[in-house]
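**Student:** What follows is a protein structure lacking sequence information:
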């Protein structure tokens, strides 16, 4: 159900959202990545439990296979798929690389509230 609230990345999308003052939760993932799937289940469960996340943030999925060498990835020093970021303005509020613990992901999402 929650996947409907996630926007697939297209060039410029994140910068446009940041420019109008939105907080952006960025999920760098791949369809074949099991760690990414686990992160997605945790994120969706947290979003289902607390609608404040959807009110506070735009959720953007960046396809690793398509954008791993693109500026959206390289400029933010994203080391691998299954990297999650919270961005606001020109600031990175936090990131998780390959973490799947609910508490860790919730703490990251809370930074965007």
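**Tutor:** Good, I have the coordinates. Here the structure is a predicted model, which means the values were calculated and not measured.
**Student:** I figured residue 95 was touching residue 82, is that so?
**Tutor:** No: look at residue 95 against residue 82 with Cβ atoms under 8 Å: they stay out of range, at 11.1 Å. The way it works is simple: take the backbone N, C-alpha and C, and place the C-beta from them, glycine included.
**Student:** Between those two, tell me which one has more neighbours.
**Tutor:** residue 82 (23 against 19; other Cβ atoms under 10 Å).
**Student:** ok, the more buried one - contacts?
**Tutor:** 28, 29, 33, 35, 36, 39, 97, 98 (Cβ atoms under 8 Å, 6 or more residues apart in numbering).
**Student:** Select from these every entry located in strands.
**Tutor:** 28, 29, 97 (DSSP state E).
**Student:** So what pairs up with the last one in the strands?
**Tutor:** What that stands for is residue 97. Beta-bridge pairing for residue 97 (DSSP bridges): residue 83.
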